[in-house]
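K.L.:
With the sequence up front, the predicted model follows.
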Amino acid sequence: MFITFEGIEGSGKSTQIRLLADFLKKGSRDSIVTREPGGTEIGTKIRSILLDSVNAKINSLTELLLYEADRAQHVVEIIRPSLEAGKIVLCDRFFDATVVYQGSARGFNLDFIDYLHETILKGLKPDLTFILDCPVAIGLKRAWKRIANSSGKAKEDRFEKETAQFHEKIRQGYLRLARAEPGRFCIIDATQEPSVIHDNIVRIVNEKTLKI
């Protein structure tokens with residue numbers, strides 16, 4: 001089973017993935033946690049370029065192609081082998097992020113993005129995608145708090161420095177995707193307490209697992 005988590009900056013994806021992974025481990029269900037960008041050794045190097053605000057002048061096409069390069073390596077090295085081994089794959093962002101960040105927000109042609117994904121993914125698609133949804137102001141406040149507390153770690157703040165309008169385009173892009181494909185997407189109110197969000201996610205995963 002392939003489960004992805006999406007949302008704007010500061011929506012709580014990483015927290016919920018960790019909680020779900022712990023829950024699955026307690027239930028003796030074999031799972032792996034990964035992320036984009038940065039799920040592989042090569043991807044980690046790409047991530048350092050994409051998320052550091054020192055690279056603020058990065059060209060938008062360069063940005064898009066670096067994300068897709070990370071994804072191509074990620075799919076071949078981590079995701080497909082893990083799924084073929086029967087593991088539950090939990091991924092922090094996947095191709096939907098590119099559709100909204102580089103498509104909805106940056107303005108790239110969605111047909112071009114779809115072409116790249118057809119080439120890279122060859123039909124691979126998440127079974128279930130959670131969108132952790134919250135107002136932009138709340139998400140960015142959380143994100144900057146996390147960055148302030150991450151002293152000593154690599155700085156990942158390039159997207160946080162984008163305008164509120166940019167982040168609102170991303171939020172609305174995610175909501176459009178969910179409306180277009182309700183069978184895969186589940187929108188979760190990310191302003192709730194983490195424990196409440198986790199309980200909702202566990203319930204949905206258990207329901208979905210029975211159908212796979």
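P.N.:
Arrived safely. Numbers count the residues shown, from 1 in each chain.
K.L.:
Isn't F108 up against S60?
P.N.:
Yes - look at F108 against S60 with CB atoms under 8 Å: they come within range, at 7.3 Å. The way it works is simple: take the backbone N, C-alpha and C, and place the C-beta from them, glycine included.
K.L.:
shared neighbours of the two, which are they?
P.N.:
Common contacts of F108 and S60 (CB atoms under 8 Å, 6 or more residues apart in numbering): Q102.
K.L.:
So which residues of this structure form strands?
P.N.:
Assigned by DSSP state E, the strands in the chain fall at 2-6, 31-35, 88-92, 128-133, 185-189.
K.L.:
Put together CSV for those strands, with distance to I201 on each row.
P.N.:
What follows is these, written out as CSV (distance: least, CB to CB, whole Å):
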stretch, distance to I201
strand 2-6, 9
strand 31-35, 13
strand 88-92, 10
strand 128-133, 6
strand 185-189, 7
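K.L.:
Of those strands, which stretch is the most buried?
P.N.:
Ranked by mean neighbour count, the strands of the chain are led by strand 2-6 with a mean of 25 (mean count of other CB atoms under 10 Å).
K.L.:
what's that strand packed up against?
P.N.:
helix 13-26, strand 88-92, helix 95-98, strand 128-133 (3 or more CB pairs under 8 Å, 6 or more residues apart in numbering; DSSP states H and E).
K.L.:
With distance to S195 and mean pLDDT added, can I get these in a markdown table?
P.N.:
Shown next, in a markdown table, are those (distance: least, CB to CB, whole Å; pLDDT from 0 to 100):
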| stretch | distance to S195 | mean pLDDT |
| --- | --- | --- |
| helix 13-26 | 8 | 95 |
| strand 88-92 | 18 | 98 |
| helix 95-98 | 26 | 98 |
| strand 128-133 | 14 | 98 |
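K.L.:
now these in a markdown table, with distance to I147?
P.N.:
Formatted as a markdown table, those follow (distance: least, CB to CB, whole Å):
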| stretch | distance to I147 |
| --- | --- |
| helix 13-26 | 13 |
| strand 88-92 | 17 |
| helix 95-98 | 19 |
| strand 128-133 | 18 |
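K.L.:
D114: which of these is closest?
P.N.:
Proximity to D114 (CB to CB) singles out helix 95-98 among those, at 9.5 Å.
K.L.:
Show me the one of the strands of the chain that comes nearest L121.
P.N.:
That would be, of these and by CB to CB, strand 2-6, which comes in at 11.1 Å.
K.L.:
Do me a favour and average the pLDDT over the closest one.
P.N.:
In this model, strand 2-6 has an average pLDDT of 98.
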